[in-house]
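Chemist: Predicted model and sequence below, questions to follow.
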Amino acid sequence: MSRTQLLKQIFNAHSVAIIGASRRIGHPGHLSLMGLVESGFDGKIYPINPSAKEIDGIKAYPNIKSVHEPVDLAFIAVPAARVIPILRECAEKGVKGAIINSAGFKELGTKEGIEREEEVRRIASSTGMGIIGPNCVGFHRSSTSTMPGLPQPAEIRAILKEKGNVGMTSQSGWFCGFYIHKCALSGVRFSTVISSGNEADFTTIDFLEYLGEDEDTKVITMYLEGVKDGKSFLKVSKAITPKKPIIIWKVGLTKAGSRAALSHTGSLAGQGGIYGAVFRQAHVVQAFSSKELIDFTVAFSLCRKPKGNRVGIISSPGGFAVAAADACERFGLNVPRLSEKTSKALKKFLPRYSSTLNPIDLTMTAIENPQFYPECMEVLNADDKIDSIIVVTGASGFYDEFIVKSVGEIEKPVMVVLTPYWTVETEPSALAKAGIPTYAYPEEAAKSLAALTQYGTK
């Protein structure tokens with residue numbers, strides 16, 4: 001069986017044993033159990049705890065061998081010293097895959113931790129059981145459940161059940177939860193999200209190959225501390241990027257960051273220049289912060305690919321119109337003066353004091369005339385010298401329904417700058433719910449559009 005086929009079985013598990021399940025609120029064994037239950041996992045759940053007959057109303061078992069039915073996946077949340085014998089029991093039971101939530105392995109930098117992780121690797125190799133981790137929180141599949149070890153609020157769990165097109169792998173477990181939460185609020189939906197941890201068995205390259213073959217995944221994103229086989233990583237990435245974009249936030253680019261990566265997951269982070277060269281060869285899109293990774297994910301997941309780099313800007317706030325134009329040119333986009341034909345078409349309905357050059361400045365009259373936005377978008381959509389559109393609004397609520405309707409009717413890619421002003425983001429905006437890429441600042445939209453344009457036109 002190939003590594004990808006084994007991952008398919010693990011990601012589509014029909015039964016999960018939580019080894020180390022606990023009643024104690026906040027304990028990893030309780031979080032993992034509740035994560036599965038509250039996400040609506042419709043398979044069988046087996047809490048394993050020798051001191052409990054039931055946990056939260058679910059029958060508990062003293063050990064994995066006492067479960068007299070097949071178990072597809074084991075989530076292990078026990079002290080590191082107990083992991084190895086439990087893994088052997090799982091292999092004897094015929095469990096297909098295991099997630100090791102426990103820390104206390106190579107990341108310690110001690111002889112004991114390193115030897116313990118080597119034994120995990122030997123068990124996986126000798127038994128054929130696939131192992132994710134150690135030191136990870138699991139995975140999310142829209143068709144299966146949220147990450148067992150990292151539950152989300154009810155509102156986010158509901159969003160995550162919706163099938164999506166983004167596949168993500170991360171060597172940081174906490175960042176997985178933060179990332180999917182922020183992306184979900186921005187309208188992104190996921191196919192698969194994987195917390196890989198120390199990667200004793202399955203590695204980033206295995207997950208990358210899986211996501212490259214996965215039909216549901218159209219965009220691949222990654223939090224990366226380091227890879228163990230640079231040549232294989234380059235080969236696999238180069239094979240994928242002509243078909244699917246790969247966006248990577250590489251951390252550990254400094255001496256301090258490299259030390260932190262080594263103590264976090266035991267990864268050898270390496271020099272930023274080397275990774276940058278590899279990314280360029282493979283046509284990987286590189287993000288340089290967590291915010292950029294999220295912003296780029298929104299763009300690549302929700303926005304059509306532009307055919308060129310010419311941008312039309314429509315704005316009610318004058319200051320942000322200028323800022324958007326500056327940002328576009330700074331990131332390699334072109335903001336051309338609109339043709340006389342396009343300008344005349346705009347002047348037919350805009351006030352005489354509105355600018356029709358580019359950016360199109362609607363002024364504050366847009367509050368009284370929200371239809372200006374769709375009318376301008378329609379005009380720019382007809383201009384063959386404009387490839388994409390950035391729409392800047394003054395505040396949420398005034399123009400949402402007009403913009404949502406218009407974006408659905410035009411062909412060109414559209415990004416919206418929805419300035420926070422007096423609103424606070426606690427749930428997806430109407431635009432995000434409609435699947436429209438939305439940003440709080442013009443610089444974020446321009447940089448994301450530039451990344452998408454460069455990938456789409458290379």
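Modeler: Received the coordinates, thanks. Numbers count the residues shown, from 1 in each chain.
Chemist: Which residue ranges of the stretch 151-300 of the chain form strands?
Modeler: 166-170, 190-195, 219-224, 246-250, 285-287 (DSSP state E, counting those that start in this stretch).
Chemist: Please name whichever of the ones you listed is nearest to residue 335.
Modeler: strand 285-287 (22.2 Å; CB to CB). Where you see a C-beta, it was placed from the backbone N, CA and C, and this is true even at glycine.
Chemist: correct me, but residue 391 touches residue 312?
Modeler: No - with contact defined as CB atoms under 8 Å, residue 391 does not count as touching residue 312 (9.3 Å).
Chemist: more neighbours, those two?
Modeler: residue 391 (29 against 26; other CB atoms under 10 Å).
Chemist: which SSE is that one in?
Modeler: strand 388-393 (DSSP states H and E).
Chemist: and the angle for the helix or strand following that strand with strand 388-393?
Modeler: Remark: after strand 388-393, the chain's next helix or strand is helix 400-409, criterion DSSP H and E. Angle, helix 400-409 to strand 388-393, by axes from the mean of the first three to the mean of the last three CA atoms, to 10 degrees: 170 degrees.
Chemist: Please enumerate residues in contact with helix 400-409?
Modeler: 370-371, 373-374, 377-378, 391, 393, 414, 416, 429-431, 434, 436 (CB atoms under 8 Å, 6 or more residues apart in numbering).
Chemist: cool, and stretch 451-458?
Modeler: 245, 247, 283, 285, 296, 299-300, 303, 305-309, 332-333, 387-388, 413.
Chemist: Give the residue spans of the stretch 51-200 of the chain that score low on pLDDT.
Modeler: For the stretch 51-200 of the chain, the stretches flagged by pLDDT under 70 are 143-151.
Chemist: quick one: the helices in the stretch 101-250 of the chain?
Modeler: In the stretch 101-250 of the chain, the helices defined using DSSP state H, counting those that start in this stretch lie at 111-127, 154-160, 173-185, 204-213, 230-240.
Chemist: for the ones you listed, which one sits closest to residue 87?
Modeler: helix 111-127 (5.0 Å).
Chemist: residues of the closest one that come out buried?
Modeler: 113, 116, 117, 119, 120, 123, 124, 127 (16 or more other CB atoms under 10 Å).
Chemist: Confirm for me that the last one is in contact with residue 91.
Modeler: Yes - counting by CB under 8 Å, a contact exists between residue 127 and residue 91, whose distance comes to 3.9 Å.
Chemist: domain parsing for the protein?
Modeler: 3-299, 304-457 (automatic domain parsing).
Chemist: Just the endpoints, please. Distance across the first one?
Modeler: One end of domain 3-299 sits 31 Å from the other (CA to CA, to the nearest Å).
Chemist: chain center to that domain, what's the gap?
Modeler: For domain 3-299, the gap between its own C-alpha mean and the chain's C-alpha mean amounts to 13 Å (CA atoms, centre = their mean, to the nearest Å).
Chemist: show me what contacts residue 182?
Modeler: Applying CB under 8 Å, 6+ apart, the residues contacting residue 182 are residue 294.
Chemist: What separation do you get for it and residue 11?
Modeler: Residue 182 sits 23 Å away from residue 11, going by CB to CB, to the nearest Å.
Chemist: what does residue 152 give?
Modeler: 18 Å.
Chemist: likewise residue 137?
Modeler: 15 Å.
Chemist: Between the two, which is the more surrounded one?
Modeler: Taking other CB under 10 Å, residue 137 and residue 11 do not tie; residue 137 has more neighbours (31 against 20).
Chemist: isn't that one right up against residue 100?
Modeler: No - the criterion here is CB under 8 Å, and residue 137 misses it with residue 100 at 10.5 Å.
Chemist: For the stretch 301-450 of the chain, which segments count as strands?
Modeler: Counting by DSSP E, counting those that start in this stretch, the strands of the stretch 301-450 of the chain are 311-315, 355-356, 360-361, 388-393, 414-418, 438-439.
Chemist: Centre of the chain to the fourth one, how far?
Modeler: Centre-to-centre, strand 388-393 and its host chain are 24 Å apart (CA atoms, centre = their mean).
Chemist: Flag every buried residue along stretch 345-361.
Modeler: 345, 346, 350, 354, 355, 356, 358, 359, 360, 361.
Chemist: sorry, that was for stretch 212-222
Modeler: Buried residues in stretch 212-222 (16+ other CB under 10 Å): 212, 214, 216, 217, 218, 219, 220, 221, 222.
Chemist: Pick the one among these closest to residue 66.
Modeler: residue 214 (35.0 Å).
Chemist: doesn't residue 167 make contact with that closest one?
Modeler: Yes - taking CB under 8 Å as the definition, residue 214 is a contact partner of residue 167 at 6.1 Å.
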